[in-house]
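Q: The amino acid sequence is not available; the structure is as follows:
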Ligand SMILES: Cc1ncc(COP(=O)(O)O)c(C=O)c1O
């Protein structure tokens, strides 16, 4: 199993910057809806969440067979990998490690397209399109905004990229962090003119990682293949109840967007002033950082003595031991991280 963020140690009071979950928590009314749904645990949910999926499809403005629900976004990555097993995939890295894990488990041939710090981890669209044309892969995997870099492209940019690539290529676009971004969703590209799967995790934006919920949208030809390898009842009744309720509170959604965007900019400006630390601009609810000296693991050990935990990134392809990622959390929590980093790194420089 790949490494993931999330402090797993003994200290319950640890301030965990290694997971990127909405700092405002889940929508307040959701707790009550979940409490009301507890009585339903004595019954089986629908095997594929049909009625809940129908409501979601209506909200999205697509037919039901364009949507599949998943036990977190993660399940949909694994379903896609096994539905089209044995293909060839181009993955833009560094990125979420589970694409490579799921695809290689399902016998895919992987080609990694490396982006680096010097180019701010952004694609060179022309060179990338040339590579895709030469490789003729079954699928291209693009995380937008990308975990762990926070790099995001506009729908227009991605459409241009797709236009330069063969029509046969399936585009797997993971928008799990798009809610936090000022960039628009690529939803308009799921129009049936080319094979696109758009993945949305519900766990990050709505602060429910323990509940497990995600969905994917795509042409019924792709979605039905994924549904064909899905276990029945994979999304439980509480998660299905959540799905019916998540979008009700527009104020919560607006507050989340405005808070994370404002706080992200404030945090980045403060982090950028710390000596010995490079901070990458981000379109998500986290920042990727690079130490000019020393390792992120040593830094994490020092931070842990102050009950702060970050995500070191040595396991991401193309990132070395100097890289780490930290979530944007509540203002006072972010201030604690900024102060701790500033004290440690200023002291090391002196
Ligand atoms: C880019 C990306 N996609 C998908 C997922 C899976 O999210 P979940 O299964 O919690 O919905 C994650 C989790 O960290 C992620 O970072």
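A: Yep, it's here. The structure displayed is predicted, hence computed values, not measured ones.

Q: where's residue 217, which helix or strand?
A: strand 214-218 (DSSP states H and E).

Q: residues from this protein in reach of the ligand?
A: Residues of the chain lying near the ligand by Cβ under 6 Å from any ligand atom: 72-74, 96, 143, 147, 174, 176, 201, 203, 209, 214. C-beta coordinates here come from the backbone N, C-alpha and C atoms, glycine included.

Q: coming back round to it: need the next SSE after the strand holding residue 217, C-terminal direction.
A: Following strand 214-218 toward the C-terminus (DSSP H and E): helix 220-228.

Q: got the contact list for that following helix?
A: 48, 63, 65-68, 76, 79-80, 83-84, 170, 195, 197, 216-217 (Cβ atoms under 8 Å, 6 or more residues apart in numbering).

Q: Most neighbours among the residues you listed, please name it.
A: The residue in the contacts of helix 220-228 with the most neighbours, by other Cβ atoms under 10 Å, is residue 80 (31 neighbours).

Q: does it count as helix, strand or coil?
A: helix (DSSP: H, G, I helix; E, B strand; the rest coil).

Q: wait, isn't it in contact with residue 197?
A: Yes: if you go by Cβ atoms under 8 Å, residue 80 and residue 197 touch, sitting 6.2 Å apart.

Q: For those two, list the residues in contact with both.
A: 172, 216, 222, 226.

Q: dump the residue contacts of the spatially closest residue to residue 38 that is not a sequence neighbour.
A: Excluding its sequence neighbours, the residue lying closest to residue 38 (Cβ to Cβ, 6 or more residues apart in numbering) is residue 238, at 7.8 Å. By Cβ under 8 Å, 6+ apart, the residues touching residue 238 are 34, 37-38, 41, 211.

Q: and what of residue 209?
A: 19, 21, 72, 203.

Q: And residue 237, by the same measure?
A: 37, 40-41, 43, 45.

Q: Dig out what the closest residue to the ligand within the stretch 151-300 of the chain forms beta bridges with.
A: Shortest the stretch 151-300 of the chain-to-the ligand distance, computed as Cβ to the nearest ligand atom: residue-wise this is residue 201, at 3.1 Å. Residues in a beta bridge with residue 201, per DSSP bridges, are residue 214.

Q: Give me the pLDDT value at it.
A: As predicted, residue 201 sits at a pLDDT of 98.

Q: What of the one 3 residues further on?
A: According to the per-residue confidence, residue 204 scores 97 in pLDDT.

Q: Could you say which helix or strand holds it?
A: Judged by DSSP H and E, residue 204 forms part of no helix or strand.

Q: Look up phi and psi at it.
A: phi -80, psi -60 (degrees, to the nearest 10).

Q: follow-up on the earlier one: out of the contacts of residue 209, who's the most crowded?
A: In terms of neighbours by other Cβ under 10 Å, the contacts of residue 209 top out with residue 203 at 24 neighbours.

Q: what's the closest non-adjacent residue to that residue?
A: Nearest one to residue 203, counting by Cβ to Cβ, 6+ apart, is residue 209 at 4.4 Å.

Q: That concludes my questions; thank you for your assistance.
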